[in-house]
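sequence first, predicted model second:
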Amino acid sequence: MKNIRSHVCIGGTGIADDKVKLSGGVQVVVGTPGRVMDMIKRGVLSTARVKVFVVDEADEMLSRSFHDQIYELFKAMPHDVQVILLSTTMPPEVFKITTKFMRNPVKILIKKEEVTLEGIKQFYINFGSEEYKFATLCDLYEAINITQAVIFVNMRHKVEMLSEQLSLKKFPVSCMRSKTSQEDRNIILKEFRSGTSRILISTDLLTRGIDMQQVSVVINYDLPKNLENYIHRIGRSGRFGRKGVAINLVSQSDMRKLKEIEAFYSTEIHEMPVDVSQYF
């Protein structure tokens, strides 16, 4: 849109630029809860004339991690502000929380099967027991040509462990964890987008709000702990009409969770075929 003054206001960056841009007047502020609240408390960002308060990725923003910050932001808004919550998934417990923020809200929902998995081929590999998990990942890379991939794990320590293991195998690896600074995240993502790094390992941190259009393969080294995060993860592949592949590494004990994912999204996750090269 032409002639719209906007500013991105995020943590992990210097506040000097925020002060200059916000003091000069903007019409749209896009930011993380902590930094935006900081600018309000400093008196740099006035909310007196805010008309619309949008919470993207609302299921995550209203979780325990961010709930208090979002509520503080809401209280700083004018009483007649329009509140909009956006999310691919919206668990029932989040709907309950919205009663604090919204009065008689209009709900616009789409069916789960329309939350698009279209264009993404989904497979699983049963590696048996945990001791064979890393070897299975290495075998996968030997069997097929994967240009770039995002690998998801559930725990921060696994990010570091898997990164070290792959580095020893001479794979060009980058990794992101929750404690990674914004400056380092920008560098890591730039390297990955440029192709300097071919593998990006992350927790569910990376499932939110980060576009990497060149990614065609997502590997769930660990199945996500909650069902909603599955689509956020594999949605990194096959974006904007392109084809993508999602590969789930599972033990025998994971098969029940895999079936739950299939039922939740009304989809099918097939066992990885022997001749899978046609998908790469």
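Nice, I can see it. Just so it is clear, the model here is predicted, and its values are computed rather than measured.

how far away is His67 from Phe264?
24 Å (Cβ to Cβ, to the nearest Å). Heads up, the C-betas are built off the backbone N, CA and C, glycines and all.

no wait, Tyr141
29 Å.

equivalent analysis for Met102, please.
26 Å.

ditto for Ser174
30 Å.

who's more crowded, the two?
Per other Cβ atoms under 10 Å, whichever of Ser174 and Phe264 has more neighbours is Ser174, with 18 against 14.

shouldn't the more buried one be in contact with Gly195?
No: using Cβ atoms under 8 Å, Ser174 is not in contact with Gly195; the gap is 11.3 Å.

so for the helix or strand of the chain with the lowest mean pLDDT, what gets flagged as buried?
The weakest-scoring helix or strand in the chain, judged by mean pLDDT, DSSP states H and E, is helix 92-97 (a mean of 76). For helix 92-97, a neighbour-count test (16 or more other Cβ atoms under 10 Å) marks 94-95, 97 as buried.

so how far is it from its chain's centroid?
20 Å (Cα atoms, centre = their mean, to the nearest Å).

for stretch 129-142, same thing?
25 Å.

contacts for that stretch, please.
125, 127, 146, 151, 162, 165, 169, 171, 219, 221, 247, 249, 251-252 (Cβ atoms under 8 Å, 6 or more residues apart in numbering).

so where do the strands sit in the stretch 101-250 of the chain?
120-128, 149-152, 173-176, 199-202, 217-220, 244-251 (DSSP state E, counting those that start in this stretch).

helices of the chain, start to end?
For the chain, the helices defined by DSSP state H cover 16-24, 33-41, 58-61, 67-75, 92-97, 133-143, 156-168, 182-194, 228-234, 255-265.

what's the angle from the fourth one to helix 33-41?
Comparing the axes of helix 67-75 and helix 33-41 via axes from the mean of the first three to the mean of the last three Cα atoms, to 10 degrees yields an angle of 40 degrees.

report the buried residues of helix 67-75.
Of all the residues in helix 67-75, those buried under the rule 16+ other Cβ under 10 Å are 70, 73.

need the CA coordinates for stretch 169-177. CSV is fine.
Extracted in CSV, the C-alpha atoms of stretch 169-177 (Å, rounded to 0.1, in the frame of the first residue of the first chain):
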residue,chain,number,x,y,z
LYS,A,169,29.4,-35.9,9.4
LYS,A,170,30.4,-32.8,7.4
PHE,A,171,26.8,-31.5,6.9
PRO,A,172,26.5,-27.7,6.5
VAL,A,173,24.2,-27.0,9.5
SER,A,174,22.7,-24.0,11.2
CYS,A,175,20.5,-24.1,14.3
MET,A,176,18.1,-21.8,16.1
ARG,A,177,16.9,-22.0,19.7
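
what residues of it count as buried?
Quick answer for stretch 169-177 (16+ other Cβ under 10 Å): 173-177.

can you list those in JSON lines and add pLDDT and distance to Leu189?
Output for the buried residues of stretch 169-177, formatted as JSON lines (pLDDT from 0 to 100; distance: Cβ to Cβ, whole Å):
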{"residue": "Val173", "pLDDT": "92", "distance to Leu189": "14"}
{"residue": "Ser174", "pLDDT": "91", "distance to Leu189": "8"}
{"residue": "Cys175", "pLDDT": "90", "distance to Leu189": "12"}
{"residue": "Met176", "pLDDT": "85", "distance to Leu189": "8"}
{"residue": "Arg177", "pLDDT": "76", "distance to Leu189": "14"}
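
closest to Ser202 out of the residues you listed?
Met176 (4.6 Å; Cβ to Cβ).

relative to Ser216, how far out is that closest one?
Taken as Cβ to Cβ, the span from Met176 to Ser216 is 19 Å.

now do Pro172
17 Å.

what of Ile4?
In terms of Cβ to Cβ, Ile4 sits 33 Å off from Ser216.

if we can go back for a sec, now a ChimeraX select for only the buried ones of the contacts of stretch 129-142.
Selection command for ChimeraX covering only the buried members of these, criterion 16+ other Cβ under 10 Å:
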select :125,127,146,151,162,219,221,247,249
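
so what secondary structure elements neighbour the least confident helix or strand of the chain?
With contacts defined as 3 or more Cβ pairs under 8 Å, 6 or more residues apart in numbering; DSSP states H and E, helix 92-97 has no helix or strand neighbours.

contacts for that helix next, please.
58-59, 62-63, 67, 87.

output it as PDB - backbone C-alpha positions only.
Extracted C-alpha coordinates of helix 92-97, given in PDB (Å, rounded to 0.1, in the frame of the first residue of the first chain):
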ATOM      1  CA  PRO A  92     -10.800 -24.300  22.800                       C
ATOM      2  CA  GLU A  93      -8.800 -23.100  25.800                       C
ATOM      3  CA  VAL A  94      -7.700 -20.100  23.700                       C
ATOM      4  CA  PHE A  95     -11.300 -19.200  22.900                       C
ATOM      5  CA  LYS A  96     -12.000 -19.100  26.700                       C
ATOM      6  CA  ILE A  97      -9.100 -16.600  27.200                       C
END
